[in-house]
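> Okay, predicted coordinates and the sequence, questions at the end:
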Amino acid sequence: MTDEKLEVITADGVAHDLDTCTTRGVQDIQGLFTVPEKRGENLVIAGEHGRMHVVSKKHDAHIIVLGLWVRGVLPDGTLPEAGYAQFVENLRELVGWFTTDEMITLRHTVDGDAREITGEVLRVIEPELSGYGRYRSAQVKIVIECAAPFWADVEPVTQTVTLPTLGTATLTAFAGATAPMEDLFIEFGQANNPRLSQVSTGVFVKLNRVITAGQTITVDTADWEVYGSPGVAGGLYEDLEYGGQHTNRWFALLPEPGGGAPVVQLQHTGGGPASVTVTGKRKYKIA
């Protein structure tokens, strides 16, 4: 039997369970499985059939609509004598979870595999009431806009590869991702002018300097920072080089064509193997 749970996490870090059709059941979860729309259009060419395809369109904000049933039951699913009062209490609490804070996080867990997305509640649609007295219930629809459109792992994954120059490796830790991963930490170990790239996309990040034994330099693509371990000289931003299509970040991992874990190449000078560690959360287009 599948174990599924949907939670809303408020600003205080508390996770509130919306699952199982007890106090507040998830009546309609299809909003969790919609893919965020792409921005932009293909080009109309005069005198030509159809349109010219524009590659690398970006995804827009993700709009999630949750349909929730609220009933006057206790957390164990039983119906108290004061069912209507319990219904009002449940409805107030549910709406409070979603609207008290500026932002909320949804966490969807299936058989222990959890994914999260953060957004802002745009509106709570007027509840549709049914039943009477202690049997009163209501369907509530909550509309959430997620500016960062992709679901993500709760915890980051990490993988270190050690390669000769121009060697390639599969980042199996990032297998299963279905959306671009642009919030990464790239940590270079001892190497001369190391350059990391994703083979299928050509996106790369490079440091034009010598990293000596015992030193590391980290490129933070989320916060646009680059920093070194103790003893690393300044000027790191000037030594940073990056490029490739599909992203404007210093580096990103994209899903491989047809699926599969990302394949990267490490290039460096000076002979011998070099190491790089990639850390980040896998991203997904749906929950």
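Thanks, I have the structure now.
> Run a quick neighbour tally on the nearest residue to S130 once chain neighbours are set aside.
Of all residues beyond its chain neighbours, the one nearest S130 is S137 (5.6 Å), with distances taken as C-beta to C-beta, 6 or more residues apart in numbering. Yep, even glycine has a C-beta here, placed from its N, CA and C like the rest. Residues lying near S137 (other C-beta atoms under 10 Å) number 20.
> ok, now which ones touch S137?
By C-beta atoms under 8 Å, 6 or more residues apart in numbering, S137 lies in contact with 69-72, 87, 129-131.
> Just grab the bridge partners of it for me.
Judged by DSSP bridges, the bridge partners of S137 are R71, S130.
> Compute the distance between it and T99, please.
Between S137 and T99 the computed distance is 20 Å (C-beta to C-beta, to the nearest Å).
> any idea which residue sits dead centre in this structure?
Ranked by distance to the mean C-alpha position of the chain (C-alpha atoms, centre = their mean), the top residue is A152 at 2.8 Å.
> can you pull the pLDDT of that one?
Predicted confidence (pLDDT) for A152: 98.
> Please apply the same query to the one 10 residues further on.
Turning to T162, the model gives it a pLDDT of 97.
> what's across from I142 in the sheet?
L66, V124.
> And it, how close does it get to L68?
Using C-beta to C-beta, we find I142 at a distance of 7 Å from L68.
> Low-confidence ranges, the stretch 101-250 of the chain, go.
Within the stretch 101-250 of the chain, no stretch has pLDDT under 70.
> which residue sits farthest out from the middle of the chain?
Of all residues in the chain, E81 has its C-alpha farthest from the mean position, at 43.3 Å, by C-alpha atoms, centre = their mean.
> Would it be right to say that the residue nearest to the centre of the chain lies in a helix?
No. Under DSSP: H, G, I helix; E, B strand; the rest coil, A152 falls outside any helix and is assigned strand.
> Spit out the contact partners of it.
115-117, 281-284.
> Nearest spatial neighbour of it, chain-adjacent residues omitted?
In space, A152 is closest to K281, 4.3 Å off (C-beta to C-beta, 6+ apart).
> Surely the one you found and E155 touch.
Yes. Counting by C-beta atoms under 8 Å, E155 is a contact partner of K281 at 7.4 Å.
> Just want to know which of those two has more residues nearby.
More crowded of K281 and E155, by other C-beta under 10 Å: K281, with 21 against 9.
> In contact with that one, which residues?
By C-beta under 8 Å, 6+ apart, the neighbours of K281 are 152-153, 155-157, 181, 183.
> Which of these fall in strands?
Those of those mapping onto strands are 152-153, 157, per DSSP state E.
> Now do the helices in the stretch 1-150 of the chain.
Counting by DSSP state H, counting those that start in this stretch, the stretch 1-150 of the chain has these helices, from start to end: 83-99.
> Quick check: bridge partners of the residue nearest to the centre of the chain?
Beta-bridge partners of A152, counted by DSSP bridges, are E116, K283.
> again with K206
Listed beta-bridge partners, K206: R195, E241 (assigned using DSSP bridges).
> hang on, it packs against F251?
No. When contacts are counted by C-beta under 8 Å, K206 is not listed as touching F251 (9.6 Å).
> Find the nearest non-adjacent residue to the residue farthest from the centre of the chain, please.
Per C-beta to C-beta, 6+ apart, closest to E81 is R134, 6.9 Å.
> gap between the one you found and T78?
11 Å.
> Compare the two and say which one has the larger neighbour count.
R134 (17 against 8).
> from what I can see the more buried one touches G72, true?
Yes. Between R134 and G72 there is a contact under C-beta under 8 Å: 6.0 Å.
> Quick check: neighbours shared by those two?
Shared contacts of R134 and G72, counting by C-beta under 8 Å, 6+ apart, come down to 79-80, 82-84, 87.
> Now for those residues, which sits with the most neighbours around it?
F87 (25 neighbours).
> Leaving out the residues flanking it, which one is nearest to that residue?
G72 (3.1 Å).
> what's the answer for A147, then?
A61 (5.2 Å).
> Now the phi/psi pair for the one you found, please.
phi -60, psi 150 (degrees, to the nearest 10).
> what's the burial count for H53?
Neighbourhood size, H53 [other C-beta under 10 Å]: 8.
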